[in-house]
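1. After the sequence you'll find the predicted model.
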2 protein chains.
Amino acid sequence: MSEQQQESNIVKGADSWFNKYTAVETSPEGTFKGVKDRFNGITVDSSMETCSADSFPTVLKRSLEHWIHSKNRGIWFKVHLSAASWIPELVNNGFQFHHAKNTFVMLYRWLPTIESANIPPYSHTMVGVGALVINERNQVLVVSENYALIAGSWKLPGGYVEPNENFIDAAIREVMEETNVRTKFDSVVSIRHAHGAGFGCSDLYIVMALTPLTQEISKCNREIAKCEWMDVNEYLTHPKVHETNRNFVRTYLEYKRHGVRIDCTEEMHQVLKKRYNIYSVAKVTDGEESVDSSNSNVCSTLKL
Amino acid sequence: MSEQQQESNIVKGADSWFNKYTAVETSPEGTFKGVKDRFNGITVDSSMETCSADSFPTVLKRSLEHWIHSKNRGIWFKVHLSAASWIPELVNNGFQFHHAKNTFVMLYRWLPTIESANIPPYSHTMVGVGALVINERNQVLVVSENYALIAGSWKLPGGYVEPNENFIDAAIREVMEETNVRTKFDSVVSIRHAHGAGFGCSDLYIVMALTPLTQEISKCNREIAKCEWMDVNEYLTHPKVHETNRNFVRTYLEYKRHGVRIDCTEEMHQVLKKRYNIYSVAKVTDGEESVDSSNSNVCSTLKL
């Protein structure tokens, strides 16, 4: 379903939302235009309709009657800040919230009464990256945050992945922002998954080894209290380093010893012309070819 | 930051939201109680306050004056469906949307004028799993979906990870739901990351190899049009199998050849008593110990 949903949206992407909206044939008098989807749902975008706050209840009532008569299924309302007055009336008419971003909230109502709602929940996983940067003197780049929960604890530089950002780009950016050290991708080390994180989400923390291209540290004063190159052996026994963070380093040293990496290759879907980043184990033993070498793909970091 | 945010919430979790709210000392006359966070922000929950729709504008005005005077920073309003009438007034007072779930929307306003807003965006990554189930006769379990974009195409069983669900549990559940085949975890194979997926999110697709414990197929008629055990060699050349899906199988066969896996171990944070699932490369060569064996952790699948 993940793939199907994704492919569906790419195909939609070929045509802009604006074009789709303006291409809609006229709807019955006094109803919203909306855009139909392939699941026989309708999406109404407040910024694409002309409807005053006063006339909204009447237009909504007529529209719902029309959609029920037409056997439409999921009805979506994308309500921008400027149309916030629509929201209480939508809720009065059985709509619920689905997701929201700064300037809009998406509400939905499932119309069929003989079929249970089949709408996946919105994203519920916060994705962050941590960077394991070890230099040629066997020192690891560590930071101590201003607002650290355990005061003075040392951790790896990192932070949240931004919307539409690749993980490797996110790790390189966070290291640069926090320490001003330039880096390039080496290997994903470990992926940590847990529940009960910020905003009630689950948390995915992707730790990757980056190779430093510069050594000089210039820390971000807003976020970071201390930053230094710490000897790896000190890091592995330091009382202010959490065991899980030590373990990422041990795991990476094992990878180095065995000549194993988790590499990133970039692929293009032949039909959808969509780019994927694929992470998988490469260079299983020293001197052997990468598992993915047959694809002759370009590692995404080569673009950086 | 990911880690910090997460730890912060766990500590909060020790005390329930209800307890926190009722523990708040009285706020000035005619203002909301709200709960203070460690970043000097305030969260108001509509279900924990008594404020009529009529008096809302006045109480909001007084509260904002109080918070500005007290140098509070981020102000959060968790507005449940029953208080939807608050939303237009909040928007009139400079609030924006942050995120929403079925029964509530969270709005926020950043009060400081001399400091830019420092609030991470909500989760923007949909996480799905795909299951590579190969039996002892070298056959792979494949499905063709009812609403497939490319009609008749064969893909791996799978779907979205549910809130608070572990990835392995999700893959086993999806295989069971779609095909009725029971499985156990073997190895993560590849992780695919792309942008422009459903609801404007990015898409993370985690493919893992599962070992079948049963063989008989009984498909889910709602979602699945066809389901069968397909010879791996046929799968690798089948015109109705997408190249990326073929490649997951090739990658897995390479792992088998080299005796490498991406294993899952479960760890417990000593201080926060929080459980983590950690994915990393194990059993680098045949007969050698797992990279993670020193941790003597229990693989999460052992619980199943």
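-> Thanks, I have the structure now.

2. Show me where the stretch 1-150 of chain A has its helices.
-> A:2-13, A:17-22, A:56-69, A:86-92 (DSSP state H, counting those that start in this stretch).

3. Quick test: name the residue nearest the centre of chain A.
-> residue A:163 (5.4 Å; Cα atoms, centre = their mean).

4. Give me the distance between it and chain B.
-> 5 Å (Cβ to the nearest Cβ, to the nearest Å). Any C-beta I mention is one placed from the backbone N, CA and C, and that applies to glycine too.

5. domains for chain A, by residue range?
-> Domain ranges of chain A: A:35-110, A:125-262, per the TED database.

6. So the residue nearest to the centre of chain A lies in a helix, does it not?
-> No - using DSSP: H, G, I helix; E, B strand; the rest coil, the assignment for residue A:163 is coil, not a helix.

7. Assess the claim that it and residue B:202 are in contact.
-> Yes - contact criterion Cβ atoms under 8 Å: residue A:163 and residue B:202 qualify, at 7.2 Å.

8. where along the stretch 1-150 of chain A do the strands fall?
-> Taking DSSP state E, counting those that start in this stretch, the strands of the stretch 1-150 of chain A run over residues A:35-36, A:42-45, A:74-80, A:96-101, A:104-110, A:125-133, A:139-145.

9. quick one: average confidence on the second one?
-> In this case it means strand A:42-45. Mean pLDDT, computed over strand A:42-45, is 96.

10. That one packs against which elements?
-> strand A:35-36, strand A:74-80 (3 or more Cβ pairs under 8 Å, 6 or more residues apart in numbering or on different chains; DSSP states H and E).

11. how about 6 Å then?
-> strand A:74-80 (3 or more Cβ pairs under 6 Å, 6 or more residues apart in numbering or on different chains; DSSP states H and E).

12. same question, the fifth one
-> Packed against strand A:104-110 by the contact rule (3+ Cβ pairs under 6 Å, 6+ apart) you find strand A:74-80, strand A:96-101.

13. so what strands line up beside it?
-> strand A:74-80 (antiparallel), strand A:96-101 (antiparallel) (DSSP bridges).

14. how far off helix A:56-69 does it point, in degrees?
-> Angle, strand A:104-110 to helix A:56-69, by axes from the mean of the first three to the mean of the last three Cα atoms, to 10 degrees: 40 degrees.

15. circling back to that earlier point, dump the strands paired with strand A:104-110 into CSV; add mean pLDDT and mean neighbour count as well.
-> As requested, the strands paired with strand A:104-110 are arranged in CSV below (pLDDT from 0 to 100; neighbours: other Cβ atoms under 10 Å in any protein chain shown):
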stretch, mean pLDDT, mean neighbour count
strand A:74-80, 97, 21
strand A:96-101, 96, 22
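
16. want to throw the ones you listed into CSV with distance to residue B:80?
-> As requested, the strands paired with strand A:104-110 are arranged in CSV below (distance: least, Cβ to Cβ, whole Å):
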stretch, distance to residue B:80
strand A:74-80, 17
strand A:96-101, 10
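
17. related to what we said a few turns ago, JSON lines for the strands of the stretch 1-150 of chain A, including distance to residue B:43?
-> As requested, the strands of the stretch 1-150 of chain A are exported to JSON lines (distance: least, Cβ to Cβ, whole Å):
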{"stretch": "strand A:35-36", "distance to residue B:43": "35"}
{"stretch": "strand A:42-45", "distance to residue B:43": "30"}
{"stretch": "strand A:74-80", "distance to residue B:43": "23"}
{"stretch": "strand A:96-101", "distance to residue B:43": "16"}
{"stretch": "strand A:104-110", "distance to residue B:43": "18"}
{"stretch": "strand A:125-133", "distance to residue B:43": "18"}
{"stretch": "strand A:139-145", "distance to residue B:43": "22"}
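
18. Nearest to residue B:234, out of the ones you listed?
-> Within the strands of the stretch 1-150 of chain A, the stretch nearest residue B:234 is strand A:125-133; the backing value is 35.0 Å (Cβ to Cβ).

19. next one: the closest one to chain centre, how far?
-> Mean-position distance between strand A:125-133 and its chain equals 12 Å (Cα atoms, centre = their mean, to the nearest Å).

20. Just say which of the domains of chain A is most tucked in.
-> domain A:125-262 (a mean of 20; mean count of other Cβ atoms under 10 Å in any protein chain shown).

21. Quick check: mean pLDDT of that one?
-> On average, domain A:125-262 scores 93.

22. Now find how far off-centre it is within its chain.
-> Distance, centroid of domain A:125-262 to centroid of chain: 18 Å (Cα atoms, centre = their mean).

23. ok, the closest residue to residue A:176 other than its chain neighbours to residue A:133 distance?
-> Closest residue in space to residue A:176, ignoring its immediate chain neighbours: residue A:182 at 6.5 Å, by Cβ to Cβ, 6 or more residues apart in numbering or on different chains. Residue A:182 sits 10 Å away from residue A:133, going by Cβ to Cβ, to the nearest Å.

24. related to what we said a few turns ago, and residue A:109, which of the strands paired with strand A:104-110 is closest to it?
-> Nearest to residue A:109, of these and by Cβ to Cβ, is strand A:74-80 at 4.9 Å.

25. Now do the closest one: everything it contacts.
-> Here strand A:74-80 makes contact (Cβ atoms under 6 Å, 6 or more residues apart in numbering or on different chains) with A:41-47, A:67, A:86-87, A:90, A:103-110, A:119.

26. Which pLDDT does the model give residue A:304?
-> Confidence score, pLDDT, at residue A:304: 18.

27. That should have said residue A:21, apologies.
-> On the pLDDT scale, residue A:21 gets 83.

28. near chain B, which residues of the stretch 201-304 of chain A?
-> A:201, A:203, A:205, A:251, A:254, A:258, A:260, A:276-281, A:284, A:291 (Cβ under 6 Å from any Cβ of the partner chain).

29. Tell me the residue of the stretch 101-250 of chain A that sits nearest chain B?
-> residue A:128 (2.7 Å; Cβ to the nearest Cβ).

30. Which members of the residues of the stretch 201-304 of chain A next to chain B are positioned in helices?
-> A:251, A:254, A:258 (DSSP state H).

31. Kindly reformat those as a markdown table containing distance to residue A:36.
-> Below are those laid out as a markdown table (distance: Cβ to Cβ, whole Å):
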| residue | distance to residue A:36 |
| --- | --- |
| A:251 | 50 |
| A:254 | 54 |
| A:258 | 54 |
